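> structure of the sequence below:
(2 chains)
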Protein chains: 2
Amino acid sequence: MKQKISELIKSDAALTEAALGKYLSIGDPRIPVIFDAMRYSVLNGGKRVRPFLAIEFCRLAGGRAEDVLPFACGLEFIHSYSLVHDDLPCMDNDDLRRGKPTTHKQFGYANALLAGDALLTYAFETAVSGDNPAGQKAEAVASLSRNAGAMGMCGGQQIDLYAETHKIDFDELRYLHSLKTGALISCSCELGCIAAGLEKEHPLRRAALEYAAAVGVTFQIIDDILDVVSDEKTLGKPIGSDAEQGKTTYLSFMTIDEARSRARELTDKAVAAIKPFDKSEALCDFAEYLCARDR
Amino acid sequence: MKQKISELIKSDAALTEAALGKYLSIGDPRIPVIFDAMRYSVLNGGKRVRPFLAIEFCRLAGGRAEDVLPFACGLEFIHSYSLVHDDLPCMDNDDLRRGKPTTHKQFGYANALLAGDALLTYAFETAVSGDNPAGQKAEAVASLSRNAGAMGMCGGQQIDLYAETHKIDFDELRYLHSLKTGALISCSCELGCIAAGLEKEHPLRRAALEYAAAVGVTFQIIDDILDVVSDEKTLGKPIGSDAEQGKTTYLSFMTIDEARSRARELTDKAVAAIKPFDKSEALCDFAEYLCARDR
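The predicted model follows:
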């Protein structure tokens, strides 16, 4: 199984990569820097987890990958801009991402700010640029903006900032995660359903959101565990950074074994939500893959 | 005439203000700061020039003000976010806007960055939140994102950054303006036409873009002149700041009289573009008003 799902992840990522590259083939010789900074920020070897979910839910719902690519790439631009702004000196002040200089280290502070703004804007331009029916486009924009905004990802980042100087409890931590990382994961699954033409009340759309919620939390729990038990070589980034920064994580409230068993329960829940639907094997395997990942 | 147009500006601004306030009546007690920072950045007594143009073009094209308000408010959120990010220390580093502390002075650097991101995102959520047909919503999102992005406003800001350290010629200055301020003004007029249901090829839509281009440049020329000839009390901000900062302006390439006569010609052009259309008096008067303004 593990072999097969990793191959599907690779082939979907290749589809996404080609589409991202095509959308980012823009420029104007009279405007310096910004297009290069946008490409640098997006085309950095990301895992493309969110586009994978969008593509596979679109397929599961009877659509084709190309139907959801404008939405999936829009979503990936939003994910990319959030990393660019998150790395800025006034936020996390990170110098490296995936072993390369962060966008502001490479292009300067103001240019990175602008490139992030331009990517967020371009996400919406991309989402409405395809051949999808207008109703789908409007619905995709509504989902993207709701999940990325003050009640979604930006709200999560805001709680995260607050948590740097205030102690937060377990409920607050879970809410932080549901916004900061969970919202875009929900959005991915929803966009797949939208691009396949599923109505809001369709049982698969409801199942997609259940799956997304469970998978999103699992992703976060495993992240927190790996920061403690992995090694720098496997993980590709320094370990122990959460503890060093005094960050509140799942492991502030439970042991590693308890966290692992929670991830296991959530993965079962994710699988149970979509298993009744025909051809859901790939997404079931993906949930297992996320739970078992070591980097 | 002057009396009448200033009253119309006021009553349209009141419509806009009410709608902005309604859209910004959002919040979540579990998320700190961000909603207050968004409101602070938008509800600051702005002149609402862009919503005015959207509303009046919508009316001229046979629509109602309420049809365009979701688009016009979305546009105003984009304008507001651009000021928040432009004022940040890494950009213009301004402490005051309209006599009040800028958003980052009031809420801190990271919170202002996030509030700007959230406003840009909320612009698109707002644009698709109304009762407009889905085709109009998709077209509005396309216009907003194209005009606000790397090929529009963000691109103009990028050239502006470049111009801080490089000498630019007159063509480059004009291109900078057409993107940095011109793009959102064009967008305003276009959104009015979209909300009234005009097809892309409709003569009034083409006239709206001609009007917008002429009015946008006039606005900029008058800005440059007022920075030299006005006084701080009338203008409401320090004068002479362009020269102090070594900024390239229209007056780097011509005398004040030449600039005034260029603004006059452009205003005639703007008026000529829309005069053939029934009930275009308000927008003709507005072009004259912008040309004659002293603040």
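> assess the claim that residue A:149 and residue B:122 are in contact.
Yes - using Cβ atoms under 8 Å, residue A:149 is in contact with residue B:122, at 5.3 Å. From N, CA and C alone the C-beta is placed, and that goes for glycine too.
> neighbour count for these two, which is higher?
residue B:122 (29 against 25; other Cβ atoms under 10 Å in any protein chain shown).
> doesn't that one belong to a helix?
Yes - under DSSP: H, G, I helix; E, B strand; the rest coil, residue B:122 falls within a helix.
> can you give me the pLDDT of it?
Here the pLDDT value assigned to residue B:122 is 98.
> wait, doesn't it sit right on residue B:38?
Yes - taking contacts as Cβ under 8 Å, residue B:122 lies within contact range of residue B:38: 7.2 Å.
> give me the common contacts of those two.
Common contacts of residue B:122 and residue B:38, defined by Cβ atoms under 8 Å, 6 or more residues apart in numbering or on different chains, comprise residue A:150.
> need the contact list for the residue nearest to residue A:65 when sequence neighbours are not counted.
If the residues on either side of it in the chain are set aside, residue A:65 comes closest to residue A:55, at 4.8 Å by Cβ to Cβ, 6 or more residues apart in numbering or on different chains. Residues in contact with residue A:55 (Cβ under 8 Å, 6+ apart) are A:12, A:15-16, A:65, A:68-69, A:72, A:192.
> if we use 6 Å, what do you get?
A:12, A:65, A:68 (Cβ atoms under 6 Å, 6 or more residues apart in numbering or on different chains).
> what helix or strand is the last one located in?
Here residue A:68, judged by DSSP states H and E, is contained in helix A:65-87.
> and for the first one?
Using DSSP H and E, the secondary-structure element containing residue A:12 is helix A:2-23.
> what packs against that helix?
Contacts defined by 3 or more Cβ pairs under 6 Å, 6 or more residues apart in numbering or on different chains; DSSP states H and E place helix A:2-23 against helix A:49-60, helix A:65-87, helix A:281-292.
> report the buried residues of it.
Across helix A:2-23, burial judged by 16 or more other Cβ atoms under 10 Å in any protein chain shown covers A:5, A:8-9, A:12-13, A:15-17, A:19-20, A:23.
> quick check: phi and psi at residue A:97.
Here is the backbone geometry of residue A:97 (degrees, to the nearest 10): phi -140, psi 130.
> the one 3 residues further on too?
Main-chain dihedrals, residue A:100, degrees, to the nearest 10: phi -120, psi 160.
> from chain B, how far out is it?
According to Cβ to the nearest Cβ, to the nearest Å, residue A:100 and chain B sit 21 Å apart.
> report how many residues lie close to the closest residue to that residue other than its chain neighbours.
Leaving aside its sequence neighbours, residue A:100 sits nearest to residue A:44 (Cβ to Cβ, 6+ apart; 6.6 Å). For residue A:44, the count of nearby residues is 15 (other Cβ under 10 Å).
> tell me the confidence at residue A:44?
92.
> poorly predicted segments of chain A, please.
A:1-3, A:236 (pLDDT under 70).
> again, 90 this time
A:1-4, A:45-46, A:98-99, A:230-247, A:293-295 (pLDDT under 90).
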